[in-house]
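**Q** Structure for the following, please:
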Amino acid sequence: MAECQVELTTSSYNAATSACEKRGQWQKAAQIFSFMVQSAVELGTIACSAAISACEKGGEWQSVLQFFRVMMQNKVRSDTITFSAAISACEKGREWKHALQFFGAMSQSRLEFDTTIFSAIISACAKGGEWERALALSGLMAQSNVECSTIAFNAAASACEKGGRWDQALQLLSVMAQRKVESNTLTFIAAIGACEKCGESEKALRLMTRLPRTSSLASR
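**A** Numbering: from 1, shown residues only. Next comes the predicted model:
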């Protein structure tokens, strides 16, 4: 009996990669993506974004960088989903330099930033001790039409604490109040820590009196 050969289309690969991404199976998504490259299957934004998102969820930032290089080599268009996953992967891997590169590439592509992307890039810089960059990005977020998030401002406040910039931490609290962004325990702890590091005990005590009684660590 003759063997039945099934020709897989690009849509088939897109569906398979997306299914793996939704199920958190980054290894399988990576295998499918690698097979597509080796088999010279036409790559598209859907499959690439799904593979990168799957690896981001799996904390595989190295694979994200590799897949992004393949996208560039094959001139596959990157969209907001692709860049968001790449920046988030770099943030989780504490790779702030790569995160900034993706952020810059996204800006050059004239794609719109959202709250998730700003939160991830600010957090990446904060984790890398790049408090000046984190503050600059939080300022950019505040000036944009993007809805400011507590997560992003908390990341910036954490950068201020690590850099001992109590004045910038207090300014962030003011900006949050002006933009009606909820500050929580994490925000105040970072600001208090920044004041303590710089010997600003009185300011730290004042901030302690403003700590929410029933503060929620959840953010929007």
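**Q** residue ranges for the helices of this protein, please.
**A** 10-22, 26-38, 45-57, 61-73, 80-92, 96-108, 115-127, 131-143, 150-163, 166-178, 185-197, 201-209 (DSSP state H).
**Q** Output those helices as TSV; include the columns mean neighbour count and mean pLDDT.
**A** For glycine as for every other residue, the C-beta is placed from the backbone atoms N, C-alpha and C. Below are the helices of the chain laid out as TSV (neighbours: other Cβ atoms under 10 Å; pLDDT from 0 to 100):
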stretch	mean neighbour count	mean pLDDT
helix 10-22	18	87
helix 26-38	19	88
helix 45-57	25	90
helix 61-73	19	91
helix 80-92	24	93
helix 96-108	18	94
helix 115-127	26	91
helix 131-143	20	87
helix 150-163	26	88
helix 166-178	18	89
helix 185-197	22	91
helix 201-209	14	90
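**Q** wait, isn't R210 in contact with I189?
**A** No. Judged on Cβ atoms under 8 Å, R210 makes no contact with I189 at a distance of 11.6 Å.
**Q** residues touching the closest residue in space to L170 that isn't next to it in sequence, list them.
**A** Distances taken as Cβ to Cβ, 6 or more residues apart in numbering put A191 closest to L170, at 6.4 Å, once the chain neighbours are dropped. If a contact means Cβ atoms under 8 Å, 6 or more residues apart in numbering, then A191 has A157, C160, E161, W166, A169, L170, L172, L173, L207 as its contacts.
**Q** Distance-wise, check A191 relative to I32.
**A** Distance, A191 to I32, by Cβ to Cβ, to the nearest Å: 46 Å.
**Q** what's the answer for L111, then?
**A** 25 Å.
**Q** Likewise for R23?
**A** R23 is 13 Å from I32, where distance means Cβ to Cβ.
**Q** And for N74?
**A** In terms of Cβ to Cβ, N74 sits 15 Å off from I32.
**Q** How about K75?
**A** 20 Å.
**Q** Same check on I122?
**A** 33 Å.
**Q** contacting residues around I122?
**A** Taking Cβ under 8 Å, 6+ apart, one finds A134, L137, S138, M141, A152, A155, A156, A159 in contact with I122.
**Q** Now the two most distant members of these.
**A** Across the contacts of I122, no pair lies farther apart than M141 and A159, at 13.4 Å, counting by Cβ to Cβ.
**Q** ok, now which ones touch the residue nearest to L65 when sequence neighbours are not counted?
**A** Spatial nearest neighbour of L65, excluding adjacent residues (Cβ to Cβ, 6+ apart): H98 at 6.5 Å. By Cβ under 8 Å, 6+ apart, the residues touching H98 are W61, L65, C90.
**Q** thought the last one was touching F83?
**A** Put plainly, it is C90. No. Using Cβ under 8 Å, C90 makes no contact with F83, being 10.6 Å away.
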